[in-house]
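1. Need a 3D model of the following:
(chains A and B)
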Protein chains: 2
Amino acid sequence: MPLDEFNVIQQYFVAGNKSTADDGVMLGIGDDTAILKAPSGEELLFTTDTLINGVHFPEYTPPRAIGFKSLAVNLSDIAAMSGKARWFTLALSLPESDPQWLKEFSEGMFELAHKFDVRLVGGDTTRGSLSITISVIGTTEEHRSVRRDTAKEGDSIFITGEPGLASIGLSIPDNEAALSDNDKKRCLDKLNYPLPRLQEGEFVRDFASSMIDVSDGLCADLSHITNASNCGAILFTAALSNILPASFGIATDSALDAILYGGDDYELLLTVPAEKSVELKKSWPASFATLLCIGKISAGKGIFMQDETGNQQELSIAGYNHFHG
Amino acid sequence: MPLDEFNVIQQYFVAGNKSTADDGVMLGIGDDTAILKAPSGEELLFTTDTLINGVHFPEYTPPRAIGFKSLAVNLSDIAAMSGKARWFTLALSLPESDPQWLKEFSEGMFELAHKFDVRLVGGDTTRGSLSITISVIGTTEEHRSVRRDTAKEGDSIFITGEPGLASIGLSIPDNEAALSDNDKKRCLDKLNYPLPRLQEGEFVRDFASSMIDVSDGLCADLSHITNASNCGAILFTAALSNILPASFGIATDSALDAILYGGDDYELLLTVPAEKSVELKKSWPASFATLLCIGKISAGKGIFMQDETGNQQELSIAGYNHFHG
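-> The predicted structure is shown next:
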């Protein structure tokens, strides 16, 4: 017997949900809307992202990863504003009501939700091709969000974690032999279970002049900062080559391509005034994702790569774009 | 040349958007998230709904109606909590980037957004089968939302507007001859351009003991109130027969079917303590949708129809359910 819409919601999404006394949820799933109480005086962050089967993840992606990643890409946007993620809604379109799929999908989603203490408070399930739209509300103290249009000439450019791994993971079915089993797993985990950098995003609030999360590719997202801030950028080849160790079974050029143009990283790309850069690196908690300085903001237009001898080469901006995809 | 994702957003959704000094939008479309400022001390209402081509609207629906209705069904949820709608995000999945379609869709959406002073603050466009997910944040004063689980025995049941018209409109292609041109237009307008009852929803806050919006059908949505409130309901046949005038070219039984089971009404269904019912009807502004008392809440289980002689017949609850659809 197929589950009906209300049973689906009840069974997987109400039962798997957690709540605590201080989560601000006055009324959760089950009425026309949720009723929420934001911390007094704080500003709200509001974002939405859709993941479509075969476009945003390969059709062979495990349901648990789909659930995890659908929430992760949205939480990453909150992280990129230096916010705290609080509540989300799930709009799930499914070709059929498959209990095993729903079980694994919801487990993946709630694993991440519980890790960062964010609550599912509403949703909608419809029959259609597989597509997941999540909307998140986050909060920040007044005037403390970090935007993308406020980078300044001379700022250092930092990146968290290991951009490039996800796009290498995506190409693994075509490149079985190139990587060790351990590195394959790292890349696939990064592709399927990207950890939004929420702690890192809140931490850099006192340092960063601008920030964005890397979803379209480092170069494309850096261009969103430079275009919005009316400046350019210089990336250091030597610094980028430190991101993927030489032991990684990928040619240097391919690795650089993955780092610069591979999407789906969900790392934070931020700019920091030069005088705060040393303090940021010194105070960076060991438990956080790695933080690497990879370049600086320039006065001119365009994004350049600079090698050890000072030679510069302009990069073309070619991130992933769904309407060209 | 196909528009790319960023141009699409820029051209239709940024340009068509309005803003005012007091709309609480600190930062709108264009960063990782919007930054919003809710009125001090108010609670948030948060809801999301998806409309899928061929499921939630016929494939021949004009793009302007799709844009209008996608927002309307979401604003209706805010109305049903007695809230003020404030901000929304749009996740739009499209098979192709068709400028004319986008123009008409966005015009329909913004027509309604401007009417109720609600702002588009973010979104996502992806390539896929046509599907629209909108998420809305509304606000209410503390503890003033009207829920669905608080109806009490003896309360009067009220409905706004004209439930049934939308489902008659949906059947028009198969029933060309039955209606006058004028009534056809009324039904199609109600189907394609349902006006969310936001003013009415805020107004009844001082009267209503419970409320829901009618999307699945009057009977199905009434059962959501009675189930959540642990009570039953009696509907008066005579009152329901007043909703569609005899001049309407529809057999009485078909009209009653449309009123009870037709979905897509987006009217408000509310319960009001008997002692407040007279005052509510007396104070009801003439500019609002009509308000009709159609029954009362009973102690027992189930929903019954009662004719003029007092005979009761139990109704089966059969609203629209997407996973059975």
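
2. Which stretches in chain A count as helices?
-> Per DSSP state H, chain A has helices spanning A:5-8, A:63-79, A:99-115, A:165-170, A:181-192, A:198-203, A:218-229, A:237-240, A:252-261, A:274-283. These are given in chain order.

3. Mean neighbour count, the ones you listed: which tops it?
-> The highest average neighbour count among these, using mean count of other C-beta atoms under 10 Å in any protein chain shown, belongs to helix A:63-79 at a mean of 26. The C-beta positions use only the backbone N, C-alpha and C, and glycine is treated the same way.

4. touching chain B at all, it?
-> Yes: in terms of C-beta under 8 Å from any C-beta of the partner chain, part of helix A:63-79 sits within range of chain B, namely A:Asp77, A:Ile78.

5. Please work out the average pLDDT along that helix.
-> Model confidence over helix A:63-79, given as mean pLDDT, is 98.

6. Indicate which one of the helices of chain A is closest to B:Lys84.
-> Proximity to B:Lys84, assessed across the helices of chain A by C-beta to C-beta, is greatest for helix A:63-79 (24.3 Å).

7. pLDDT weak spots in the stretch 101-250 of chain A?
-> With pLDDT under 70 as the threshold, the stretch 101-250 of chain A has low-confidence stretches at A:175-177, A:246.

8. make it 90
-> Judged by pLDDT under 90, the stretch 101-250 of chain A has its weakly predicted residues at A:125-128, A:169-181, A:241-250.

9. Can you name the residues of it that neighbour chain B?
-> When proximity is defined as C-beta under 8 Å from any C-beta, the stretch 101-250 of chain A approaches chain B at A:121-129, A:131, A:133, A:135-138, A:140, A:145, A:147-149, A:211-213, A:228.

10. Using a markdown table, lay out the helices of chain A together with distance to B:Glu111.
-> Rendered in a markdown table, the data for the helices of chain A read as follows (distance: least, C-beta to C-beta, whole Å):
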| stretch | distance to B:Glu111 |
| --- | --- |
| helix A:5-8 | 30 |
| helix A:63-79 | 29 |
| helix A:99-115 | 35 |
| helix A:165-170 | 41 |
| helix A:181-192 | 42 |
| helix A:198-203 | 37 |
| helix A:218-229 | 30 |
| helix A:237-240 | 49 |
| helix A:252-261 | 40 |
| helix A:274-283 | 47 |
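
11. List just the one of these that sits closest to B:Trp87.
-> helix A:63-79 (15.4 Å).

12. So which elements touch that closest one?
-> If you count contacts as 3 or more C-beta pairs under 8 Å, 6 or more residues apart in numbering or on different chains; DSSP states H and E, helix A:63-79 packs onto strand A:43-52, strand A:84-94, helix A:99-115, strand A:131-140, helix A:181-192, helix A:198-203, strand A:210-214.

13. at 6 Å what do you get?
-> Helix A:63-79 sits against strand A:43-52, helix A:99-115, strand A:131-140, with contacts defined as 3 or more C-beta pairs under 6 Å, 6 or more residues apart in numbering or on different chains; DSSP states H and E.

14. B:Pro245: which of these is closest?
-> That would be strand A:131-140 among these, by C-beta to C-beta, at 41.2 Å.

15. what angle separates the closest one from strand B:131-140?
-> On the basis of axes from the mean of the first three to the mean of the last three C-alpha atoms, to 10 degrees, strand A:131-140 is oriented at 30 degrees to strand B:131-140.

16. Buried ones in stretch A:23-32, by neighbour count?
-> When burial is assessed from 16 or more other C-beta atoms under 10 Å in any protein chain shown, stretch A:23-32 yields the following buried residues: A:Asp23, A:Gly24, A:Val25, A:Met26, A:Leu27, A:Gly28, A:Ile29, A:Gly30, A:Asp31, A:Asp32.

17. Turn those residues into CSV, columns for distance to B:Glu111.
-> Converted to CSV, these look like this (distance: C-beta to C-beta, whole Å):
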residue, distance to B:Glu111
A:Asp23, 37
A:Gly24, 34
A:Val25, 33
A:Met26, 32
A:Leu27, 31
A:Gly28, 33
A:Ile29, 31
A:Gly30, 32
A:Asp31, 28
A:Asp32, 23
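
18. are any of the residues of the stretch 101-250 of chain A next to chain B buried, and which?
-> With burial judged by 16+ other C-beta under 10 Å, the buried subset of these is A:121-128, A:131, A:133, A:135-138, A:140, A:145, A:147-148, A:211-213, A:228.
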